[in-house]
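K.L.:
From the sequence below, what's the structure:
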Amino acid sequence: MNVLITGGTGFIGALLARAHVERGDNVIIFDIAPNMSRIQDVAGAVTVIQGNLSYAAEVNNVVCDNRIERILHLGSMLSAPSDANPWASFQVNVIGTMNVLEAARLFDAGTVVFPSTIATFGLDTDRVADDATVQHPTTMYGCGKAYCENLGRFYRNKFGVDFRGIRFPSVIGPGAKVRHVSQYNAWMIEFPLRGKPFECFVTENTKMPTMYFKDAANAVDAIASAPIESIKTVNYNVAGITPTTSAKEIETVVRRHVPGAHITYIPDPVIMKYYETFRVETFDDSRAREEWGWCPAYPDIDTVLLDFKAELREHPDWYT
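P.N.:
Residues are numbered from 1 along each chain as shown. Model (predicted):
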């Protein structure tokens, strides 16, 4: 199978590239700034094309020239950069996704998997969000992703493009550098494992639904491989760590594994303002479980922390 992974040297894309290479697929990575350190073990087995999702010609060329049969569309500007530069975010996240869907339509590129986000929920959302919950995003990132969920559904209904979307909660894993509203989840684990103090920028009782990055890759792979007749809801919540843990509960687990961990709390007023409108604690993914068998492999902080530790030890160059 000829598989295109946009953003394929990123946090999740590198895992998917490796998995497809191991299966014998022909993997093409399309990335604006390839990070070859994350795919160094399979670099000789993939084709890396540097390009910009905002340019339709570049997207069309990579899909047409490589006779793509599946697109895993992970390329995007993330939350904090999107809010800092909403104009660039629109070009990459919205126009870029339109370009991917058009290329899939024009060149019969098979299944398109689109990772969305819990940030499509926001104002007036209760503590439980399911696939029928009204989406009122408050960030540029969430706005763009909500639009593209519906754009993909339109392309599915109008043109028969096999579009499938999944909404991630906050995805955590080693090596993330950009501070944003939910980054405390990952850093509270990573800093102590590296022997560093961590000053948490939210309150002890703050909660954000969270998923380990390997489960995020697992979810993309699972929905991409599901029979087309199983995809009924089209855009799905996928949950990871359940139930959702507070910052203090994560700290407690970390201290169990790293007794000398130095963790303090100085809440950032700007970030805490976000949590005044975002109150989701339960990310209901029952439809993904029922329709295509979703089940996380890392459902609790202990399991995540142990694998996190192993990744930092075994692959330090990937997460510098």
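K.L.:
helix, strand or coil for Ala103?
P.N.:
Following DSSP: H, G, I helix; E, B strand; the rest coil, Ala103 is assigned to helix.
K.L.:
show me the contacts for it.
P.N.:
By Cβ atoms under 8 Å, 6 or more residues apart in numbering, the contact set of Ala103 is Ala56, Val59, Asn60, Val62, Val63, Cys64, Ile71, Ala109. In short, each C-beta sits where N, CA and C put it, glycine included.
K.L.:
thought Leu16 was touching Ala222?
P.N.:
No. Using Cβ atoms under 8 Å, Leu16 is not in contact with Ala222, being 11.4 Å away.
K.L.:
List buried residues within the contacts of Ala103.
P.N.:
Listed as buried from the contacts of Ala103 are Ala56, Val59, Asn60, Val62, Val63, Ile71, Ala109; burial here means 16 or more other Cβ atoms under 10 Å.
K.L.:
Out of these, flag the one nearest to Glu291.
P.N.:
Ile71 (20.8 Å; Cβ to Cβ).
K.L.:
Could you tell me the per-residue confidence at the closest one?
P.N.:
According to the prediction, Ile71 has pLDDT 98.
K.L.:
hang on, the earlier thing: narrow the buried ones among the contacts of Ala103 to those in helices?
P.N.:
Those of these mapping onto helices are Ala56, Val59, Asn60, Val62, Val63, per DSSP state H.
K.L.:
can I get the buried ones among the contacts of Ala103 in JSON lines with distance to Pro192?
P.N.:
What follows is the buried ones among the contacts of Ala103, written out as JSON lines (distance: Cβ to Cβ, whole Å):
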{"residue": "Ala56", "distance to Pro192": "46"}
{"residue": "Val59", "distance to Pro192": "42"}
{"residue": "Asn60", "distance to Pro192": "47"}
{"residue": "Val62", "distance to Pro192": "41"}
{"residue": "Val63", "distance to Pro192": "44"}
{"residue": "Ile71", "distance to Pro192": "38"}
{"residue": "Ala109", "distance to Pro192": "44"}
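K.L.:
for the chain, longest helix please?
P.N.:
In the chain, assigned by DSSP H, the helix with the most residues is helix 140-159.
K.L.:
how much space between the most far-flung residue of the chain relative to its centre and Thr111?
P.N.:
Going by Cα atoms, centre = their mean, the residue of the chain most distant from its centre is Gly260, 31.2 Å out. According to Cβ to Cβ, to the nearest Å, Gly260 and Thr111 sit 47 Å apart.
K.L.:
cool, Val304 as well?
P.N.:
Going from Val304 to Thr111 by Cβ to Cβ gives 29 Å.
K.L.:
who has more neighbours, these two?
P.N.:
Val304 (27 against 20; other Cβ atoms under 10 Å).
K.L.:
my guess is that one is in a strand, correct?
P.N.:
No. Per three-state DSSP, Val304 lies outside any strand segment and is helix.
K.L.:
That one and Ile172 touch, don't they?
P.N.:
Yes. Taking Cβ under 8 Å as the definition, Val304 is a contact partner of Ile172 at 7.2 Å.
K.L.:
Please, where are all the strands along the stretch 101-250 of the chain?
P.N.:
111-117, 128-129, 162-168, 170-172, 198-200, 210-212, 235-237 (DSSP state E, counting those that start in this stretch).
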